[in-house]
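Novice: coords please:
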Amino acid sequence: MLLKKAPAYRKAEKEDFSMIREFVRRNYKDRWEFDEPHTEKRLTRLFFYTYMIYRDNVTVATYRDQVVGVLITGKGRFGHFSPVFRLKKAYHFIRLKLTREGRKNLEHFNKLQDMKKQLSVSAENAASENILFLYVSRDYRRNGIGTGLLKQISNEKGGNYSIYMDQMDHRAFMESHGFVKKNESSQMRELNKKRFRECVALYQK
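Specialist: The predicted model follows:
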């Protein structure tokens, strides 16, 4: 869709959270393995609450008062106190642990976290800020919204940023904005009875 006017950018509000959760679901649904809808819902909530715990800034892009993109950044190693988000995250984690497909997805999630930690240790220079989540609604892509979101954080804080990306992420987009791959790790994975090599790369700017 070609936009007739420029999108607007602002800090996220509580009313935006449901749309941000939907963006999380859309971004990861093809990377999870599940048959039951409640597994997808709990994984979505788990990821969303994780982002809320570790966030420093949440910026949304809007078009005609509709949220069409989001950028979440953070740098705290241990996250914020955020007792409500931590309790909700723990609840969905426990519910996932009680099901076979939930445990399988959590096991893969833990492996990815281990891969990221290895990349972080191997990186020569630690970035001052991490991009935790960047997403633009499919119908609104190719309108400069992703670029606009990245400009918001550059204008506000400047400094260096890092982002972890797998093979399904838009690496060419980040490279076009000055991000350089610093390190990469891979492992074999099975998803929906198909084996493939999962790659995770650390990009920094």
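
Novice: okay, the most centrally placed residue in the chain: pLDDT?
Specialist: Geometric centre of the chain, nearest residue: Phe133, 2.9 Å, by Cα atoms, centre = their mean. Listed pLDDT for Phe133 reads 97.

Novice: who does it bridge with?
Specialist: Under DSSP bridges, the beta-bridge partners of Phe133 are Ile72.

Novice: With Arg10 instead?
Specialist: Val60.

Novice: residues touching it, list them.
Specialist: 59-60, 62 (Cβ atoms under 8 Å, 6 or more residues apart in numbering). Every residue, glycine included, has its C-beta placed from N, CA and C.

Novice: ranges for the helices of the chain?
Specialist: For the chain, the helices defined by DSSP state H cover 17-28, 37-54, 83-97, 100-122, 145-156, 171-176.

Novice: Mind putting those helices into TSV with mean pLDDT and distance to Asn183?
Specialist: What follows is those, written out as TSV (pLDDT from 0 to 100; distance: least, Cβ to Cβ, whole Å):
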stretch	mean pLDDT	distance to Asn183
helix 17-28	98	22
helix 37-54	97	21
helix 83-97	97	28
helix 100-122	88	5
helix 145-156	88	21
helix 171-176	96	13
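
Novice: quick one: which of the contacts of Arg10 is nearest Tyr49?
Specialist: Val60 (17.7 Å; Cβ to Cβ).
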